[in-house]
Structure formats: C-alpha cells, structure tokens
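A.B. asks: below are the sequence and a predicted model for it; my questions follow.
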Amino acid sequence: MAGVRTTTGQGATAIDAGPDDATLVVRAREGDPAAFEVLVRRYQRRIYQLALRMTASTGDAEDITQEVFLTAWRRLPEIRQEAAFVGWLYRTATNRCLNLLRRRRPTAELDETTTADVSSSEDPQRSTEATEQLVALSAALTTLTPQQRAVWLLREAHGRSYDEIARLLDTTPHAVRGRLARARVHLAEVMQSWR
Amino acid sequence: MAVNSRIDGHPLPCGRLVEDVFDDVETGRTDAHSAECEHCATARRSLHQLTEATRLLVEDPAEPPPGLLDRVMAAVRAELRRGAALPLPAQLGPAEVSEQAVAVVLRYAADSVAGVWARSCRIAAEPARPGTVRIRMSLSLRYGSGPVEPLVAEVRRRVSTALSGQVGLTAHTVDLELVDIWPYERRWSRT
C-alpha cells in the first residue's frame, strides 16, 4: 500500500518518525502492545543509561529499567498527561535508583562491572583517551551523594529542565541549581586529582 | 541541607572559590588576578576536562542488554487485558473478534493517510443491526498536511473499507475527532 508508514520499523530513524508519544500512550492503554513496544524502543536506552550512571551497576540498571517499563504499562490507565510520558519514566527511574542507593551500603557503591561495561561497549572509533575519560567520570559520579548525582545526570547528561528536576526531587529549582553547582565543582576536583 | 553539607564552597590556595572561577568561565568574565594565578588556571582546566567528559556521557556508549526489550514485552503481553468482543456475522455458528484486534486494523488504515495518526479507536456493536458497528476514532494531524476536511474524509473512507474488507463488519457511523495537531519538524526523542 503506497504511503503506509510502519510504526514498528527497525532502527532509530524509523522510531523517531513514528507517532508522537501521546498517540502511542493512548494506543497502548487501549490494549495495543505494539504501540507500547515503540515507546520502550524509544526510551529504554536513556532510562538504562541514567540507571547505570546512578547505580554504577549493570545488573541494577537492567532491573530498574525493566521495572520502570513494566510499571509504566500497568499504570497506563492512570497517566492522564499522555505527552508527559517520558517525564513519568524519568521520575520513576530516578526514584527507584534513589531507593536502591538508600538501601545499599555506602562501601558497595562502585561496581567493577560498570568499568568493564564502558570498555566492552567501546566503539572502535572511540579513542582510548575518551574511554578513560568516561570511566573516570563514571567513577567520580559515585563519589557524589545520590541526590547530587541525580541532579547532575538529569541536567547535564539528559537535558531535563530545572523545573522538572525540582518537581521530581520534591525541591525548588533554586535548590537544584545549588546542588548542580556543588556537584560540578566536586566532579571537576575528583577528576583532576586522578589525572 | 544535611545531604549536601559535606561538600560546600571550595576555596583555592589563592583564596578564590572554585565556584566563582567556574562562574567566570561561564560568563566569560576575567580579571588581573585570574589571568596570572596558576591555581585559577588549574581550576579552569579541571572544568574544561569535566565539560569534555560530560560531552562523552551525553553520547553514552552503554547500551541496554539486547534481551531487555523482549523480556519487557513478554511480561506486557502476559498481562494484556482482554478487551470487549464484537460479534461477527457468521453462517455456521457464532463467531466474534476482539475490539482490540479490529482497532489495530482500523488505526493502520487511518495511518496510511499521510499526515494522520490514529489515536483512540473504540468500536461498539449496533445491537439492532447484526454485523454493523459504530466507530469512534481520535486523530492526531501533522500541521501543514493540507485542508482538514478532505483528509478526514479520506480517513473515513479507508477505515470503512478496511472494516468491511479485512474484518467483515459494516460501519454504521465513523465518528472522527481531531484531538492534536503537531508541527512537521517536531522530534519525539532526544536520542
């Protein structure tokens, strides 16, 4: 059929060209799992990366990502602001990460697998220096408090707005800016000392 | 706040705060001290280094494990709520089709009109007329796709055709509602 656009095409381009989030959320809510699959394909990478850099553990990141999307599926009937789906994912993922870190002993924070993961997924084009920088930053992130880490990642790595981050962490945009500034100084210092 | 108390202002050996040096870098401000002070220069270098590493993290090479999507979708399908069933006109005995399955067919037909995405699609049997249903569908339209009326008429035609041709039911009414208009270049994902 001429002019038919598929909604479940392979690759990022086809997914980007698919329906908007609000349309997919409504379809999924009415029992169309294919629509939900497009949403998972669209956002699983970002949510996984946030969880990985928050928890410094590939296993925890995987569990959290899986739980976030399953919870999203179950809560679809309650999501009234369909276009705000991605914000809902970020909120749920961040809260789950913070809960996990609260339960975890502080000494268990740095997981060897994160470092391994960064090097194993290394692009041949990616220089060793770049990989080392990323490893150093990931490690430096674990020396922040979980709240500061969340603020820094959501803002600097995921481009979420100050307002959204403030709502998400139940604080004010002003406090978010303060935490971000402190996190930045701390990260710069830690990375500098390892050079 | 207690959470942040262990990381406060960071004074450099020259007396300036690292926070202030970073602010100066961002606002492009400079003065006689910072131009000559090696401590300030070191702080600036550390910020540049962090900025560079941050750029690498924005394009994080870490990928979710390949089985993750399948596991999520298997659980989703296992929990799929069974929707309403619509009676089909049948010669040899009763037959029915799920509303969800018909909705997928009808949305696909509506999506085939360029610039249109079908959103909600509800189908209800017309009890007085066997084999006949009433369709309520909401549409999201790309801005600049042309006059709305012919587009909507085309959606109605294709939806009715798909219903009779692919499902075997007849549309009594096709109620279409335009609920959203999106700009042509809008992108849905940052990644």
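C.D. replies: Perfect, thanks for sending it.
A.B. asks: biggest helix in the chain by residues?
C.D. replies: Using chain A. Using DSSP state H to define each element, chain A has its longest helix at helix A:33-55.
A.B. asks: not quite, I wanted chain B
C.D. replies: Assigned via DSSP H, chain B shows its longest helix as helix B:38-58.
A.B. asks: show me what whichever helix or strand comes after it is packed against.
C.D. replies: Using DSSP states H and E, the helix or strand that follows helix B:38-58 towards the C-terminus is helix B:68-78. Using 3 or more C-beta pairs under 8 Å, 6 or more residues apart in numbering or on different chains; DSSP states H and E as the contact test, the elements touching helix B:68-78 are helix A:33-55, helix A:58-75. (Glycine included, C-beta is placed from N, CA and C.)
A.B. asks: buried deepest among the ones you listed, which one?
C.D. replies: Mean neighbour counts were taken over those using mean count of other C-beta atoms under 10 Å in any protein chain shown, and the top value, a mean of 23, falls to helix A:33-55.
A.B. asks: what's the angle from that one to helix B:68-78?
C.D. replies: Compare the direction of helix A:33-55 with that of helix B:68-78 by axes from the mean of the first three to the mean of the last three C-alpha atoms, to 10 degrees and you get 130 degrees.
A.B. asks: neighbours of B:Q166, how many?
C.D. replies: 13 (other C-beta atoms under 10 Å in any protein chain shown).
A.B. asks: grab the nearest non-local neighbour of it.
C.D. replies: Once flanking residues are discounted, B:Q166 sits nearest to B:V105: 5.3 Å by C-beta to C-beta, 6 or more residues apart in numbering or on different chains.
A.B. asks: quick one: contacts for that neighbour?
C.D. replies: Contacts for B:V105 (C-beta atoms under 8 Å, 6 or more residues apart in numbering or on different chains) come out as B:162-163, B:166-167.
A.B. asks: neighbour-wise, which of the residues you listed leads?
C.D. replies: Neighbour counts for these (other C-beta under 10 Å) peak at B:L163, which has 21 neighbours.
A.B. asks: now the strands for chain A?
C.D. replies: Assigned by DSSP state E, chain A shows no strands.
A.B. asks: tell me the contacts of residue 180?
C.D. replies: Answering for chain A, as no chain was given. Contact criterion C-beta under 8 Å, 6+ apart gives A:151-152, A:155-156 as the residues in contact with A:L180.
A.B. asks: should've been chain B
C.D. replies: B:D180 sits next to A:20, A:22-23, B:119, B:139-141 when contact means C-beta under 8 Å, 6+ apart.
A.B. asks: any low-confidence regions in chain B?
C.D. replies: For chain B, the stretches flagged by pLDDT under 70 are B:1-8, B:184-191.
A.B. asks: tell me how it divides into domains.
C.D. replies: Domains of chain B are assigned by automatic domain parsing as B:10-58, B:84-182.
A.B. asks: what's the closest of the helices and strands packed on helix B:68-78 to B:H172?
C.D. replies: Nearest to B:H172 among the helices and strands packed on helix B:68-78 is helix A:33-55; the distance by C-beta to C-beta comes to 26.3 Å.
A.B. asks: tell me the contacts of A:Q44?
C.D. replies: Residues in contact with A:Q44 (C-beta under 8 Å, 6+ apart) are A:65, A:69, B:64, B:68-69, B:72.
A.B. asks: and if we set it to 10 Å?
C.D. replies: With contact taken as C-beta atoms under 10 Å, 6 or more residues apart in numbering or on different chains, A:Q44 is in contact with A:65-66, A:68-69, A:89, B:63-64, B:68-69, B:72, B:191.
A.B. asks: same question, A:A83
C.D. replies: A:20-23, A:25, B:180, B:182, B:188.
A.B. asks: if we go to 8 Å?
C.D. replies: Contacts of A:A83 (C-beta under 8 Å, 6+ apart): A:20-22.
A.B. asks: tell me how far it lies from A:R75.
C.D. replies: According to C-beta to C-beta, to the nearest Å, A:A83 stands 16 Å off from A:R75.
A.B. asks: cool, and A:E82?
C.D. replies: Taken as C-beta to C-beta, the span from A:E82 to A:R75 is 12 Å.
A.B. asks: ok, now B:E36?
C.D. replies: Note on B:E36: its distance to A:R75, by C-beta to C-beta, is 58 Å.
A.B. asks: same deal with A:V151?
C.D. replies: Distance of A:V151 to A:R75, given as C-beta to C-beta: 25 Å.
A.B. asks: with B:A95 instead?
C.D. replies: Per C-beta to C-beta, B:A95 is found 34 Å from A:R75.
A.B. asks: how many neighbours does A:A157 have?
C.D. replies: Using other C-beta under 10 Å, A:A157 is surrounded by 21 other residues.
A.B. asks: do B:R136 as well
C.D. replies: Neighbours of B:R136 under the rule other C-beta under 10 Å: 14.
A.B. asks: look up how far chain A lies from it.
C.D. replies: As judged by C-beta to the nearest C-beta, to the nearest Å, B:R136 and chain A stand 11 Å apart.
A.B. asks: and that residue, its phi and psi?
C.D. replies: In terms of degrees, to the nearest 10, the main-chain angles of B:R136 are phi -120, psi 120.
A.B. asks: then B:R119?
C.D. replies: Backbone torsions of B:R119, given as degrees, to the nearest 10, read phi -100, psi -100.
A.B. asks: how much space between it and chain A?
C.D. replies: In terms of C-beta to the nearest C-beta, B:R119 sits 5 Å off from chain A.
A.B. asks: quick one: contacts for that residue?
C.D. replies: The neighbours of B:R119, taking C-beta under 8 Å, 6+ apart as the test, are A:22-23, A:26-27, B:137-140, B:179-180.
A.B. asks: B:I123 sits in which helix or strand?
C.D. replies: Following DSSP H and E, one finds B:I123 within strand B:116-125.
A.B. asks: tell me the strands beside that strand, with direction?
C.D. replies: Applying DSSP bridges, strand B:116-125 is found paired with strand B:132-142 (antiparallel).
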